[in-house]
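> Prediction below, plus the sequence it came from.
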Amino acid sequence: MDKVFINGLKVQAVIGVYEFERLHSQPLIFDIVMTSDLKPAGQSDDLNDAINYAAVSEDVVLLAKNSKPLLIERLAEEVAAMILQKYQPQDVTVKISKPEAVAAANCVGVEITRSK
Ligand SMILES: Nc1nc2c(c(=O)[nH]1)N=C([C@H](O)[C@@H](O)CO)CN2
């Protein structure tokens, strides 16, 4: 199946279970894959027939900045639900990396896949 993807979308957001994490924003990195039939957009050459990755990116940034959840699992569910409802892909995979959470690791995070 065809896919539209966003890789390495960086957002400064308040997130985390510990008190010190609630005081300042920290970086999150989103990798998102949306499964959809891209043939209509390929044939019409019209953005209205496509999932606009720029619009999705803006919505993800806004949501991530406003949500302020404790767990990245919660944010991943919110992002997946928003994308499914607004952009109607067949399914969406949302990976969120938290690069500053564990000092000894490059990154930690979650990845979920949700369908309509
Ligand atoms: N599965 C998860 N584990 C942890 C999370 C999380 O959101 N999901 N969060 C934390 C803390 O906020 C952590 O990032 C601080 O280092 C711990 N584990």
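Looks like it came in fine.

> This structure against the ligand: which residues are in contact?
Contact residues, the chain versus the ligand (CB under 6 Å from any ligand atom): 16, 17, 18, 21, 71, 72, 73, 98, 101, 102. Any C-beta I mention is one placed from the backbone N, CA and C, and that applies to glycine too.

> In TSV: the residues you listed, plus neighbour count.
Shown next, in TSV, are those (neighbours: other CB atoms under 10 Å):
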residue	neighbour count
16	20
17	9
18	9
21	16
71	12
72	22
73	13
98	21
101	18
102	10
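
> Tell me where this protein has strands.
3-13, 26-35, 91-98, 108-115 (DSSP state E).

> Out of those, flag the one nearest residue 47.
strand 3-13 (11.9 Å; CB to CB).

> what's in contact with the closest one?
With contact meaning CB atoms under 8 Å, 6 or more residues apart in numbering, strand 3-13 is reached by 25-36, 38, 50-51, 53, 56-57, 60-61, 64-65, 67-68, 75, 89.

> Stretch 103-116 now?
Stretch 103-116 has contacts (CB under 8 Å, 6+ apart) with 29, 72-73, 76-77, 80-81, 84, 88-99, 101-102.

> Tell me the span between the first and last residue of that stretch.
End-to-end distance for stretch 103-116: 37 Å, by CA to CA, to the nearest Å.

> residue contacts, residue 78?
63, 67, 69.

> Please name the spatially closest residue to the last one (chain neighbours excluded).
Right, residue 69. residue 75 (5.1 Å; CB to CB, 6 or more residues apart in numbering).

> Can you give me the buried ones in stretch 35-43?
The neighbour-count check on stretch 35-43 (16 or more other CB atoms under 10 Å) flags 35, 36, 41 as buried.

> Can you give me the neighbour number for residue 26?
By the criterion of other CB atoms under 10 Å, residue 26 has 15 neighbours.

> for the record, mean pLDDT for stretch 37-46?
Mean pLDDT, stretch 37-46: 98.
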